[in-house]
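Chemist: what would the 3D arrangement of this be:
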Amino acid sequence: MAKKEKEFNADIEAVVKMQESIETADELYLDGKSYDLDRIGDEVSFYQKQAGESLIEIGKRLILVKHHEDHGKFQAFIEKYGMAYRSAAYAMTAARKFANVQSIAHLGTTKMIALSVLDDDDVETLEKGGSIKGMTVDDIDRMTVRELKENLRKEEEKVKKEKEARKKDREAFEKSLTAKDQKLNDYELREAGMEPPSALKIAIGKAEELKREAFTKMLVAAQYISEAEALAEKIRTVPGITAEALTVVKEQLTVPYDALCNSYIELEDVLNDFFPPKTDRDLQQEQDNAAS
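Modeler: Predicted coordinates for the structure are as follows:
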């Protein structure tokens with residue numbers, strides 16, 4: 001009996017605390033009005049629209065700053081107003097995509113950010129009342145943010161799989177055509193009294209093609225390095241430049257220089273390891289040739 005009485009008292013206490021919590025919330029946030037779920041829903045919708053429009057307007061202004069100032073000043077600007085770079089990026093994306101799209105702005109910032117992955121054609125379709133990825137603007141409005149993100153993710157995966165399937169079909173078709181063309185060429189050569197090229201000749205031809213391309217790229221890289229050297233020399237001799245300023249420039253140029261050195265070392269490694277290691281059979285053949 002004591003246990004049931006204790007449980008009853010606990011329930012009463014929980015109800016009292018809940019009532020006190022409700023009264024506190026009403027006092028803080030109802031502004032003297034009575035609680036009405038429909039009215040509050042309308043107010044939430046209103047402020048969602050305001051938030052979405054505010055995000056777009058903020059994004060417009062950030063785009064202006066980004067175009068007029070260098071990266072350092074832009075970073076300092078958004079930090080001054082307490083914005084993370086990612087939040088600023090979202091705002092600028094929203095401005096670029098939805099500045100002239102009223103039907104999406106009222107959905108609120110979170111859904112707008114989720115919809116920023118859409119391309120311009122999809123955005124235009126939504127604005128005209130159409131459906132994209134199985135959703136209209138009204139559907140999106142009724143969805144939770146989690147449901148919207150999940151739907152977009154599923155559609156993205158579906159499109160990706162379809163693209164991969166089409167790519168495989170295309171590659172299989174091209175491979176089939178190549179094989180047929182090769183057989184036809186071999187047949188025509190034999191009919192003309194000529195032997196089709198051996199696997200070695202085909203490999204040599206492919207290697208020659210790749211060599212020409214690599215050779216061209218090396219020459220272009222050498223030319224760019226020569227031009228970079230000339231520009232670095234000009235920086236060093238700029239009238240009025242100070243040692244401190246040159247030190248900063250040198251440190252900044254060290255980053256691409258290190259990458260360039262690493263690329264050179266990797267290329268040198270490839271050239272040094274150009275020939276595959278000899279097998280035991282190759283070594284035995286060399287010994288037999290030397291003995292004879």
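Chemist: what about the residue nearest to the spatial centre of the chain, which SS state?
Modeler: The centre of the chain sits closest to Val117, judged by CA atoms, centre = their mean, with a distance of 10.1 Å. Secondary structure assignment for Val117 (DSSP: H, G, I helix; E, B strand; the rest coil): coil.
Chemist: check what pLDDT it gets.
Modeler: Looking at Val117, its pLDDT stands at 77.
Chemist: my read: it touches Leu152, true?
Modeler: Yes - Val117 sits in contact with Leu152 when judged by CB atoms under 8 Å, with a separation of 6.5 Å. Placement of C-beta: from N, CA and C, glycine included.
Chemist: give me the pLDDT value at Phe77.
Modeler: You'll see Phe77 listed with a pLDDT of 90.
Chemist: what about it, how many neighbours?
Modeler: Phe77 is flanked by 16 other residues according to other CB atoms under 10 Å.
Chemist: which residues sit against the helix or strand hosting it?
Modeler: Assigned by DSSP states H and E, Phe77 belongs to helix 71-80. Helix 71-80 has contacts (CB atoms under 8 Å, 6 or more residues apart in numbering) with 62, 65-66, 69, 84-85, 88.
Chemist: so which of the residues you listed is the closest to Arg281?
Modeler: Tyr85 (59.8 Å; CB to CB).
Chemist: excluding chain neighbours, what is closest to that closest one?
Modeler: In this structure, Tyr85 finds its nearest non-sequential neighbour in Ile78, 6.6 Å apart by CB to CB, 6 or more residues apart in numbering.
Chemist: need the helices for the chain, in chain order.
Modeler: Ranges of helices in the chain, per DSSP state H, are 2-29, 37-68, 71-80, 85-98, 102-105, 109-115, 120-127, 137-142, 145-191, 199-236, 243-272, 280-291.
Chemist: point out the most buried one among these.
Modeler: Among those, the stretch with the highest mean neighbour count (mean count of other CB atoms under 10 Å) is helix 109-115, at a mean of 21.
Chemist: tell me how far Gly59 lies from Gly108.
Modeler: From Gly59 across to Gly108, the span is 15 Å (CB to CB, to the nearest Å).
Chemist: also Ala95?
Modeler: Distance from Ala95 to Gly108, by CB to CB: 16 Å.
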